[in-house]
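Visitor: have a look; sequence and predicted model below, questions after that.
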Amino acid sequence: MNLFAKRESLIIKGCKANERTAQAQLYKLFYPEMLRLCYRYLKSDDLAAEALNAGFLKVFQHIDSFEGSKGELGAWIRTIIVRTCIDIGRKEARFSNNTSSEEETDTIFVSPEVLDKLYAEDLMQAIRQLPHATKLVFNLSVIEEYTHKEIADHLDITEGTSRWHLSEAKKQLRKILSPAIKDNIKSTEKKEDKSK
């Protein structure tokens with residue numbers, strides 16, 4: 001057993017015994033990653049902090065059900081945090097009953113070459129600008145890889161509404177990212193001209 005796994009095992013054991021120091025260590029260990037996850041799903045810093053704290057409360061309340069043999073601790077915590085974000089997001093989101101056809105959804109495309117020119121932070125900022133319901137569906141579909149049926153079940157919407165929000169997210173992201181993409185292309189062209 002490596003040092004990290006041994007440390008994690010001791011933290012889990014301490015959390016199961018309801019030791020405050022072990023709980024603090026677990027929180028500190030996963031805080032940055034889980035907070036970024038909450039920011040991706042929720043529209044404000046306050047909601048992200050609420051989801052993070054509510055999620056960790058659930059983690060501490062249900063730590064006895066965690067079995068290391070069935071998966072990693074980080075993945076287990078991530079699942080709880082995502083579900084907490086979905087619950088909070090569902091309360092905040094106002095889903096419209098818009099639907100789109102499969103053809104309409106499939107025609108919206110952002111090429112990988114374009115995305116390669118952007119920094120992860122640019123993408124995160126663009127995603128955060130989306131309307132809340134649209135952002136929630138986009139994250140679940142693209143990042144968590146949920147199907148439209150799973151999204152519809154989690155958010156209590158129709159599959160067509162889920163498809164519409166994903167399509168709308170892609171349209172809006174293209175509009176938001178277009179200036180950054182053009183700037184990156186111009187910058188690359190200038191560098192190439194200077195090197196000739």
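Guide: Now that the structure is in, tell me what you want to look at.

Visitor: CA only for contacts and neighbour counts going forward, please
Guide: Will do.

Visitor: quick one: mean pLDDT for stretch 166-185?
Guide: Stretch 166-185 shows a mean pLDDT of 78.

Visitor: got the buried residues for that stretch?
Guide: Buried residues in stretch 166-185, counted by 16 or more other Cα atoms under 10 Å: L166, S167, E168, A169, K170, Q172, L173, R174, I176, L177, A180, I181.

Visitor: for the fourth one, which residues are in contact?
Guide: Yep, that's A169 we're talking about. L130, T134, K135, F138 (Cα atoms under 8 Å, 6 or more residues apart in numbering).

Visitor: now those residues: which count as buried?
Guide: L130, T134, K135, F138.

Visitor: out of everything not next to it in sequence, what's closest to the last one?
Guide: Across the structure, with Cα to Cα, 6 or more residues apart in numbering as the measure, the residue nearest F138 apart from its sequence neighbours is L166 (5.3 Å).

Visitor: was I right to think the one you found contacts T134?
Guide: Yes - look at L166 against T134 with Cα atoms under 8 Å: they come within range, at 6.6 Å.

Visitor: what's the domain layout of the protein?
Guide: 3-92, 102-195 (automatic domain parsing).

Visitor: before we move on, the earlier item: and the buried ones among the contacts of A169, which is closest to G160?
Guide: Taking Cα to Cα as the measure, G160 lies nearest T134 of these, at 12.9 Å.

Visitor: can you give me the helices for the chain?
Guide: 3-16, 20-41, 45-62, 73-92, 102-106, 112-116, 120-128, 132-138, 148-155, 159-195 (DSSP state H).

Visitor: deepest-packed of the ones you listed, please.
Guide: helix 132-138 (a mean of 26; mean count of other Cα atoms under 10 Å).

Visitor: if we can go back for a sec, if I look at the residue nearest to F138, how far off is E159?
Guide: 11 Å (Cα to Cα, to the nearest Å).

Visitor: G55 - nearest residue in space that isn't next to it in sequence?
Guide: In space, and not counting its chain neighbours, G55 is closest to I81: 4.9 Å by Cα to Cα, 6+ apart.

Visitor: low pLDDT regions in this protein?
Guide: Applying pLDDT under 70 to the chain flags the ranges 1, 94-120, 180-196.

Visitor: I'd like the distance from stretch 142-156 to the chain centre, please.
Guide: Taking Cα atoms, centre = their mean, to the nearest Å, one finds stretch 142-156 lying 12 Å from the centre of the chain it belongs to.

Visitor: may I have the distance across that stretch, first residue to last?
Guide: 19 Å.

Visitor: which residues touch it?
Guide: Contacts for stretch 142-156 (Cα under 8 Å, 6+ apart): I86, R90, V137, L140, S141, I157, T158, E159, T161, S162, R163.
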